[in-house]
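Peer 1: need a structure here:
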Amino acid sequence: PAHNVMNLLAVLVAAAALTGAAGAAPLNKVATFNITKAGRNVNYLAAVKHVAGRTGRTVVLPAGDIDVDLERRAGSASLTNDENFLWNAPVYIGNAQAFSLDLDTGSADTWVRGSSCTSSDGSCGVSGQAKFSTSDSTVTATGTSFSVSYGSGSVSGKVYLGPVELGGLTATVDFGVSTSETGFSDSDGLLGLGYSSISNIAAEGFTKSNFIDQLGLSTNEFSFYLSNYADSDSGEVTIGGVDTSKYTGSFSYISLSSETYWEASWSGGTYAVSTSTGKLDSSVKNFIVDTGTTLIYLDTTAANAINSAIGATYSSSYGAYVISCSKASTGPAVNLTIGGNVYSIPANIYVLQDGSICFSGFDRGATSIGLGILGDIFIRAYYT
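Peer 2: Next comes the predicted model:
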């Protein structure tokens, strides 16, 4: 399985140092967050993702390596922050062809925009945007096609084998080159960090689809620091360990429920905000940590209660909860208790601004898809 026995999710409970099934399709989350941000849906790739976590931080560690030196790391890369809605990483494919890819723990396929890509919504880019040239002598065509559907779009194309570099680390990977896309206008593609069991490319019989596995590191740890846009700070992905300059405190661990998504049980988890309290697992028992999802998705009961307590109201026009932008400085913290630990999400993290309108970082939709999602709102608050 991908990432060997990466079956623990580690979560930092202290304050951050800075202010700031084979061939299974990615998770199709029902989310129609209809506002646009930089020309894309605010739930960009939300339909496919899993979980991670800045008031504290979260990191992912393999079960067999709990005693490893947490300061050890093999490589890292800065992440470009698109106004707290999306973080892209510089990735080099083939003979150093450069791309800006969404690193997605909610899916397991790597693909990039191709030079012959067509789209109806601008996903294939405009003049000047990066497109992969398959004439690159360092890559090999496999003669196989791939197709993946996400909640916010879809992609199809051809599978190639060649070098992929992230954070100064290079692996030979089976990756896709798109010939058709929808819903991906703000990234040149996607690098999936979920387990190979949910990879569509792996389902075609390819054994080198998982970037982390193919690196051959002594430990398959990786961790995320997602910056706050207001801090003019870059995010960071660290491979082979963690970056100790990005957090303080120690990690707590939550067992994963399967080697598919980064999925775990709420295990009787609760929420508390002001005088409102309740269960996180009333109708949905598990959640995933997903770097490719902007928001935190809960069951309808919990989402309604939390948003009522923070002063947000559901807008059918936007398909999301609208909140006064002033709440970013005056709103109450939302406390989520998971695995016996309390994770506090402050208002300046959960209030998302898009122009003159602000939206709550807590949304419903988990009931429909059968899983909760701790997206970037959580990861911005906790190093994961």
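Peer 1: quick check: phi and psi at the closest residue in space to V164 that isn't next to it in sequence.
Peer 2: Once flanking residues are discounted, V164 sits nearest to V173: 4.5 Å by CB to CB, 6 or more residues apart in numbering. Yep, even glycine has a C-beta here, placed from its N, CA and C like the rest. Main-chain dihedrals, V173, degrees, to the nearest 10: phi -130, psi 140.
Peer 1: ok, A203 next?
Peer 2: phi -70, psi -20.
Peer 1: that one and F146, how far apart?
Peer 2: Distance, A203 to F146, by CB to CB, to the nearest Å: 9 Å.
Peer 1: ok, which stretches of the stretch 151-300 of the chain are helices?
Peer 2: 200-203, 211-215, 300-310 (DSSP state H, counting those that start in this stretch).
Peer 1: so which of the ones you listed is nearest S180?
Peer 2: helix 200-203 (14.5 Å; CB to CB).
Peer 1: now for that closest one, which elements pack on it?
Peer 2: With contacts taken as 3 or more CB pairs under 8 Å, 6 or more residues apart in numbering; DSSP states H and E, helix 200-203 sits against strand 140-150, strand 169-182.
Peer 1: dump the ones you listed to CSV, plus mean pLDDT and distance to P163.
Peer 2: Shown next, in CSV, are the helices and strands packed on helix 200-203 (pLDDT from 0 to 100; distance: least, CB to CB, whole Å):
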stretch, mean pLDDT, distance to P163
strand 140-150, 94, 11
strand 169-182, 96, 5
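Peer 1: deepest of these, which one?
Peer 2: Mean neighbour count (mean count of other CB atoms under 10 Å) peaks for strand 169-182 among those, with a mean of 22.
Peer 1: just the C-alphas of it, formatted as PDB.
Peer 2: Taking Å, rounded to 0.1, in the frame of the first residue of the first chain, the C-alpha atoms of strand 169-182 are listed here in PDB:
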ATOM      1  CA  LEU A 169      13.700  15.300  -4.400                       C
ATOM      2  CA  THR A 170      13.200  13.300  -7.600                       C
ATOM      3  CA  ALA A 171      11.300  10.100  -8.200                       C
ATOM      4  CA  THR A 172      10.400   8.200 -11.400                       C
ATOM      5  CA  VAL A 173       6.600   8.300 -11.500                       C
ATOM      6  CA  ASP A 174       3.700   7.100 -13.700                       C
ATOM      7  CA  PHE A 175       1.900  10.400 -14.300                       C
ATOM      8  CA  GLY A 176      -0.900  11.700 -16.500                       C
ATOM      9  CA  VAL A 177      -0.700  14.400 -19.200                       C
ATOM     10  CA  SER A 178      -4.100  15.900 -19.800                       C
ATOM     11  CA  THR A 179      -5.800  16.200 -23.100                       C
ATOM     12  CA  SER A 180      -9.100  17.400 -21.600                       C
ATOM     13  CA  GLU A 181      -9.900  19.300 -18.300                       C
ATOM     14  CA  THR A 182     -12.600  21.100 -16.500                       C
END
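Peer 1: related to what we said a few turns ago, how about TSV for the helices of the stretch 151-300 of the chain, with mean neighbour count and mean pLDDT added?
Peer 2: Listed next are those as TSV, based on neighbours: other CB atoms under 10 Å; pLDDT from 0 to 100:
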stretch	mean neighbour count	mean pLDDT
helix 200-203	23	92
helix 211-215	22	92
helix 300-310	21	97
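Peer 1: and those as JSON lines, adding distance to F132?
Peer 2: As requested, these are exported to JSON lines (distance: least, CB to CB, whole Å):
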{"stretch": "helix 200-203", "distance to F132": "15"}
{"stretch": "helix 211-215", "distance to F132": "16"}
{"stretch": "helix 300-310", "distance to F132": "39"}
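Peer 1: please identify the helix or strand for Y343.
Peer 2: strand 341-345 (DSSP states H and E).
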